[in-house]
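Trainee: Okay, sequence plus prediction incoming.
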Amino acid sequence: MRMTRFAPLALAIGSLAVAACSSEPEAAAVVDDVTLEVSNARLMLPAVEGNPGAIYFDVKNTGEKNYAIRRADVAGASSAELHGSMEMQGQMMMDSVGQILVNAGDTESLEPGGFHVMVFDLEPTLEAGGTTDMTLTVVGGKTKTFPVEIRAAGDER
Ligand SMILES: [Cu+2]
């Protein structure tokens, strides 16, 4: 699949997320855990060593408060970005997005052709069949860490 950066699209996605989130009040000074549950998380290794990999997962918000994921960190990768993608004129285009919203009670599926986490500079210790950890940071600064299954480039995504 050919991937091309397309900045105007990313800007549009990013500002949408910000606009949708701005109605949410500031996080209260109450200690609560982030009510996001991640399932089916899988890191697709790149077909060509040195290329970025992609993480897909389902994230369910079991609480009563909306969350916006604004950052992902992946053990064994030098950096990770939240990405959105869209097909335009038969080409898949993607770029970083500022936030991914998960409203209370909703499940957001990050899957091929949609949102995903792009991971860069993967260490060789990340091998198919193993697992790694992904830490999500939500707006407000709280974090939660989830296990991610590692799959080879040709495996089911
Ligand atoms: Cu991407």
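Mentor: That came through fine.

Trainee: and the longest strand for this structure?
Mentor: strand 77-88 (DSSP state E).

Trainee: List the pairing partners of that one within its sheet, with orientation.
Mentor: Note on strand 77-88: by DSSP bridges, its sheet partners are strand 91-96 (antiparallel), strand 116-122 (antiparallel).

Trainee: can you give me the strands in the chain?
Mentor: Listed in chain order, the strands found in the chain under DSSP E are 3-5, 36-44, 53-61, 67-74, 77-88, 91-96, 100-102, 107-110, 116-122, 131-138, 143-151.

Trainee: Give me the contacts around the longest one.
Mentor: This points to strand 77-88. Residues from elsewhere that reach strand 77-88 (C-beta atoms under 8 Å, 6 or more residues apart in numbering): 3, 6, 9-10, 13, 53-55, 69-74, 92-100, 113-123, 126, 134. (C-beta placed from N, C-alpha, C; glycine too.)

Trainee: Report the mean per-residue pLDDT for it.
Mentor: If you average the pLDDT over strand 77-88, you get 94.

Trainee: How about that strand and the ion, any contact?
Mentor: Yes. Strand 77-88 is in contact with the ion by C-beta under 5 Å from the ion, via His83.
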